[in-house]
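In: coords below, sequence missing:
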């Protein structure tokens, strides 16, 4: 059963301007493992990950106590994204009966889009 959905669109040029104007922005939004994993992600990729985090907040329906580093985007061997949740985000997900979170991220025509589906069973 779908518990919540969320979608977010990020203007790539605006995200890149914000990142270059505010050097502390990326470390505030992303955990070190997201910025310096097996390969350093492009700003375009980071914009999509930021959109995924925003979409997750919408899908779970609450941003109380949410910290950006508690919503890490990880990729499998094929590059497919998923969430590694911790802290208040993980607690909110459990409290809402969410058992699975699905994420899709895409980039085209100067925008990144992320779509999140939160799934769970009846409480």
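Out: That came in fine, so what should we check first? Just so we're clear, the structure is a prediction, and the values are computed from it rather than from any experiment. Numbering: from 1, shown residues only.
In: now the element after the biggest helix by length in the chain, going C-ward?
Out: Looking across the chain with DSSP state H, the single longest helix is helix 43-60. Counting by DSSP states H and E, the element after helix 43-60 in chain order, helix or strand, is strand 71-75.
In: mind listing what's buried along the longest helix of the chain?
Out: Going by neighbour count (16 or more other CB atoms under 10 Å), the buried part of helix 43-60 is 43, 45-60. (Each C-beta comes from the backbone N, C-alpha and C, glycine too.)
In: any idea how far the residue positioned nearest the centre of the chain is from residue 1?
Out: Centroid-nearest residue in the chain, with CA atoms, centre = their mean: residue 53, separated by 2.5 Å. Distance of residue 53 to residue 1, given as CB to CB, to the nearest Å: 23 Å.
In: with residue 102 instead?
Out: Per CB to CB, residue 102 is found 13 Å from residue 1.
In: do the same with residue 59
Out: Residue 59 sits at a distance of 13 Å from residue 1 (criterion: CB to CB).
In: could you pull out the helices for the chain?
Out: In the chain, helices defined by DSSP H lie at 12-21, 25-29, 32-35, 43-60, 87-95, listed in chain order.
In: can I get the ones you listed in JSON lines with mean pLDDT?
Out: Formatted as JSON lines, the helices of the chain follow (pLDDT from 0 to 100):
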{"stretch": "helix 12-21", "mean pLDDT": "96"}
{"stretch": "helix 25-29", "mean pLDDT": "96"}
{"stretch": "helix 32-35", "mean pLDDT": "92"}
{"stretch": "helix 43-60", "mean pLDDT": "96"}
{"stretch": "helix 87-95", "mean pLDDT": "93"}
